[in-house]
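> Here you go, sequence then predicted model.
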Amino acid sequence: QVQLVESGGGLVQAGGSLRVSCVASGSLFRIDDMGWYRQAPGKQRELVAIVTSGGATHYADSVKGRFTISRDNAKNTVYLQMNTLKPDDTAVYYCNADIWPSAWEHRDYWGQGTQVTVSS
């Protein structure tokens with residue numbers, strides 16, 4: 001059984017920094033894209049950043065230049081370093097990964113989410 005477990009959320013003042021992490025565990029034949037999404041109260045879940053297995057990255061315009069996504073393939077872990085945080089970044093942050101539990105199938109998996117709150 002595959003699990004994604006996030007950690008590192010919390011409360012920070014505007015202008016501050018946080019790093020969230022997500023570890024994949026279980027049956028992991030292969031992990032392709034890994035990413036972070038977020039959902040603020042009353043809003044739809046939105047993409048924050050994605051990193052491919054080869055290290056290519058893509059960011060939402062709203063976080064470019066402030067957030068950095070990275071991954072450690074040996075540890076099956078994806079990170080999101082968030083700098084210069086703004087109150088608009090307040091949301092539940094969800095880890096997502098395209099995982100092959102075996103050589104024959106793959107699908108998207110989601111973590112349980114971690115709250116990030118930025119105070120003004």
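That came through fine. Residues are numbered from 1 along each chain as shown.
> Report the central residue of this protein.
Centrality entry for the chain: nearest residue to the mean C-alpha point is residue 36, 2.7 Å, by C-alpha atoms, centre = their mean.
> What ranges does the chain have for its helices?
Ranges of helices in the chain, per DSSP state H: none exist.
> what about it, any weak spots by pLDDT?
Under the criterion of pLDDT under 70, none of the chain is flagged as low confidence.
> For residue 51, list each beta-bridge partner.
residue 34, residue 57 (DSSP bridges).
> wait, doesn't it sit right on residue 71?
Yes - under the criterion of C-beta atoms under 8 Å, residue 51 makes contact with residue 71 at 5.1 Å. Just so you know, the C-beta spots here come from the backbone N, C-alpha and C atoms, and that holds for glycine as well.
> can you list residues touching both of these two?
Residues within reach of residue 51 and of residue 71 at once, by C-beta atoms under 8 Å, 6 or more residues apart in numbering, are 34, 78.
> quick one: contacts for residue 80?
The neighbourhood of residue 80, defined by C-beta under 8 Å, 6+ apart, consists of 19, 20, 21, 36, 48, 49, 67, 68, 69, 93.
> which residues does the first one bridge with?
Spelled out, that is residue 19. residue 81.
> about what we covered before: so the residue nearest to the centre of the chain makes contact with residue 78?
Yes - between residue 36 and residue 78 there is a contact at 7.3 Å, judged by C-beta under 8 Å.
> joint contacts of these two?
Common contacts of residue 36 and residue 78 (C-beta under 8 Å, 6+ apart): 22, 69, 95.
> Pull out the buried residues from those residues.
22, 69, 95 (16 or more other C-beta atoms under 10 Å).
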